[in-house]
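Visitor: can you look at this prediction? I've put the sequence above it.
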Amino acid sequence: MTELPMLTKVFLAFLCLKGLIEAYLDRRNIKHIIKNINEVPKKFANQISLEDHQKAAKYSIERINVSGFFNIIGYAILLGWTLGGGIDFLNSYIQSLDLSATLTGVVFIIAFSMIGSLLSLPGSIYNTFVVEEKWGFNKTTPKIFVMDLIKGTVLGVIIGTPLLYAVLWIMEQMGELWWLYAWIFLSAFQLIMMWVYPTFIAPLFNKFEPLEEGEVKDKILNLLQRTGFESNGLFIMDASKRSGHGNAYFTGFGKTKRIVFFDTLVNTLEASEIEAVLAHELGHFKRKHVMKLMAKAFIFSFVGLYILGYLMKAEWFFTAHGVESTQSYIALTLFMMVSGIYTFFITPLSSWTSRKYEFEADEFAAKHSDASDLINALVKMYKDNASTLTPDPVYSAFYHSHPPALIRVNFLEKFLKKD
């Protein structure tokens with residue numbers, strides 16, 4: 001038997017280490033949730049019943065187990081593409097079509113993406129129609145699911161084909177600094193998509209109705225005026241046709257900013273609570289979190305493309321991952337596949353930054369609305385979304401972008417208005 005190259009062993013070591021850490025954290029979280037399953041935390045005892053608490057715990061455990069199972073399948077697929085020869089096999093077939101170099105790359109990446117989507121489809125179907133259905137959250141019909149899949153695929157091809165062609169042309173034609181030109185092009189594309197998405201793409205999947213006149217709208221408009229925030233409209237999205245989960249978000253930038261509420265959220269919360277939730281989201285804008293996250297994304301893509309510019313000239317990058325083909329589009333595909341294996345270990349840093357932003361947004365909300373309303377809204381959302389109140393602290397610190405319920409409520413209580 002031929003001994004594996006040292007760099008391949010490094011790849012497998014990182015892959016195994018990532019898998020072991022994920023499995024360890026999952027087991028920790030499940031054990032901690034089970035340990036606290038029979039008692040509602042005292043802070044929430046008057047608002048959340050033991051039955052709802054246990055539902056959230058069991059729902060969380062099932063999601064963790066299902067996610068872990070499909071992660072293992074994902075690792076097997078990754079190894080099939082790399083050390084198993086899948087990339088080389090697909091590339092050999094695409095090259096036999098005798099297309100131009102750039103078009104060959106476009107066809108390869110589209111084919112690779114579609115195969116990947118098909119392989120991930122069982123997981124999506126199971127999560128939607130088994131897990132979410134079992135716990136009463138799924139509202140998606142098979143027809144809606146299929147139509148979303150078709151729309152997403154068609155949209156991906158329409159937008160992705162010229163984008164891929166442009167990036168691969170830059171890689172082939174722009175010399176040693178291709179990565180810099182590609183970064184400028186992709187950054188500009190991302191900014192354009194922030195304008196295009198809310199106006200043209202999102203309405204393909206959901207209906208957006210203007211928020212009706214009434215107490216909710218009055219409170220929101222008053223909040224926007226107090227905080228000096230301008231938006232391009234207040235909308236209700238028909239999220240309930242797909243899921244029972246509630247949320248609210250901003251989309252777009254500049255004059256295209258829209259405020260969108262899930263209809264599930266509006267139907268659950270009181271007007272003052274909706275105002276508090278919106279104040280939290282406004283906090284992200286006012287504290288420049290959106291701009292910081294955009295800057296972070298641009299910096300990461302800059303560094304990533306620079307590294308790719310170096311790796312695509314290094315034969316060991318391909319051989320270490322079991323790939324013989326060395327075309328630029330293969331380098332791009334391989335880099336996108338394996339980079340997450342090596343950067344997984346900075347996940348806690350990203351999570352910490354996100355939680356810091358959440359505290360800052362909560363503080364902003366507490367100062368421009370009533371902290372008690374935000375607390376009540378959060379508890380209702382934890383209950384309605386069946387979010388566990390007792391995640392393992394280590395697991396939460398590693399993964400969670402939001403602070404655990406108890407820590408977040410304790411923080412907000414510091415801003416409660418005293419009589």
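Guide: Yes, it's here. Numbers count the residues shown, from 1 in each chain.

Visitor: from here on, just use CA atoms for contacts and neighbour counts.
Guide: OK.

Visitor: from A202, how far out is W195?
Guide: Using CA to CA, to the nearest Å, we find W195 at a distance of 11 Å from A202.

Visitor: do E324 as well
Guide: From E324 to A202 the distance is 40 Å (CA to CA).

Visitor: got it, and E3?
Guide: On the measure of CA to CA, E3 and A202 end up 51 Å apart.

Visitor: is it correct that I48 is in contact with K383?
Guide: Yes. Between I48 and K383 there is a contact at 6.8 Å, judged by CA atoms under 8 Å.

Visitor: span of stretch 134-145 from start to end?
Guide: By CA to CA, the extent of stretch 134-145 from end to end equals 17 Å.

Visitor: just to revisit the earlier point, compare E3 and A202 (neighbour count), which wins?
Guide: A202 (13 against 6; other CA atoms under 10 Å).

Visitor: is that one in a helix, a strand, or coil?
Guide: helix (DSSP: H, G, I helix; E, B strand; the rest coil).

Visitor: what about P142, distance to N206?
Guide: Distance, P142 to N206, using CA to CA: 16 Å.

Visitor: likewise L269?
Guide: Distance from L269 to N206, by CA to CA: 21 Å.

Visitor: comparing these two, which shows the higher neighbour count?
Guide: L269 (19 against 14).

Visitor: what sits against the more buried one?
Guide: 377, 380 (CA atoms under 8 Å, 6 or more residues apart in numbering).

Visitor: where's it, which helix or strand?
Guide: Assessed by DSSP states H and E, L269 sits outside every helix and strand.

Visitor: let me see the backbone angles for it.
Guide: L269 adopts backbone torsions of phi -100, psi 150, taken as degrees, to the nearest 10.

Visitor: check K207 too.
Guide: Main-chain dihedrals, K207, degrees, to the nearest 10: phi -90, psi 140.

Visitor: mind listing the strands for this structure?
Guide: 208-210, 234-237, 248-251, 258-262 (DSSP state E).

Visitor: state the mean pLDDT of the third one.
Guide: To tie it back to what came earlier, the one meant is strand 248-251. In this model, strand 248-251 has an average pLDDT of 72.

Visitor: quick check: buried residues in stretch 389-404?
Guide: 389-392, 395-398, 400-404 (16 or more other CA atoms under 10 Å).

Visitor: run a quick neighbour tally on Y357.
Guide: Y357 - counted by other CA under 10 Å - has 20 other residues nearby.

Visitor: for it, which non-adjacent residue is spatially closest?
Guide: Spatially, and ignoring its direct neighbours in sequence, Y357 is nearest to H289 (6.7 Å; CA to CA, 6 or more residues apart in numbering).

Visitor: contact partners for the residue lying closest to P348 once chain neighbours are set aside?
Guide: Of all residues not flanking P348 in the chain, F398 sits nearest, at 4.3 Å (CA to CA, 6+ apart). Residues in contact with F398 (CA under 8 Å, 6+ apart) are 347-348, 351.

Visitor: helices - which of the residues you listed land there?
Guide: 347-348, 351 (DSSP state H).

Visitor: buried sites along stretch 146-164?
Guide: For stretch 146-164, burial by neighbour count (16+ other CA under 10 Å) applies to 153, 160-161, 163-164.

Visitor: out of those, which is nearest to G304?
Guide: Lowest distance from G304 to the buried residues of stretch 146-164 (CA to CA) belongs to L164, with 16.8 Å.

Visitor: does that closest one touch V106 like I think?
Guide: Yes. L164 is within contact range of V106, at 5.9 Å (criterion: CA under 8 Å).

Visitor: where along the stretch 151-300 of the chain do the helices fall?
Guide: 178-196, 215-227, 263-266, 271-286, 289-311 (DSSP state H, counting those that start in this stretch).

Visitor: pick the most deeply packed of these.
Guide: Among the helices of the stretch 151-300 of the chain, helix 271-286 has the highest mean neighbour count (mean count of other CA atoms under 10 Å), at a mean of 23.

Visitor: what's that helix packed up against?
Guide: Secondary-structure packing of helix 271-286 (3 or more CA pairs under 8 Å, 6 or more residues apart in numbering; DSSP states H and E): helix 215-227, strand 248-251, helix 347-368, helix 371-384.

Visitor: so how far is V409 from M312?
Guide: Taken as CA to CA, the span from M312 to V409 is 49 Å.

Visitor: also F359?
Guide: Taking CA to CA, one finds F359 at 10 Å from V409.

Visitor: now, among the contacts of F398, which is nearest to G136?
Guide: Using CA to CA, these come closest to G136 at S351, 28.9 Å.

Visitor: pretty sure the closest one contacts V394?
Guide: No. Checked against CA under 8 Å, the pair S351 and V394 is beyond contact range at 11.7 Å.

Visitor: from the ones in helices among the contacts of F398, which would you call buried?
Guide: Here, 16+ other CA under 10 Å leaves 348, 351 buried among those.

Visitor: what is the nearest of the ones in helices among the contacts of F398 to Q173?
Guide: The closest of the ones in helices among the contacts of F398, once distances to Q173 are taken by CA to CA, is T347, at 35.0 Å.

Visitor: for the closest one, which residues are in contact?
Guide: Contacts of T347 by CA under 8 Å, 6+ apart are 398-399.

Visitor: could you redo the last one with a cut-off of 10 Å?
Guide: 340, 397-400 (CA atoms under 10 Å, 6 or more residues apart in numbering).

Visitor: quick check: the two most widely separated of those residues?
Guide: Across these (CA to CA), the longest gap, 18.8 Å, separates G340 and A397.

Visitor: any weak-confidence spans in the chain?
Guide: Low-confidence segments of the chain (pLDDT under 70): 1-2, 244-246, 250, 252-256, 417-419.

Visitor: follow-up on the earlier one: to V131, which of the strands of the chain lies closest?
Guide: Taking the strands of the chain one by one with CA to CA, strand 258-262 is closest: 21.2 Å.
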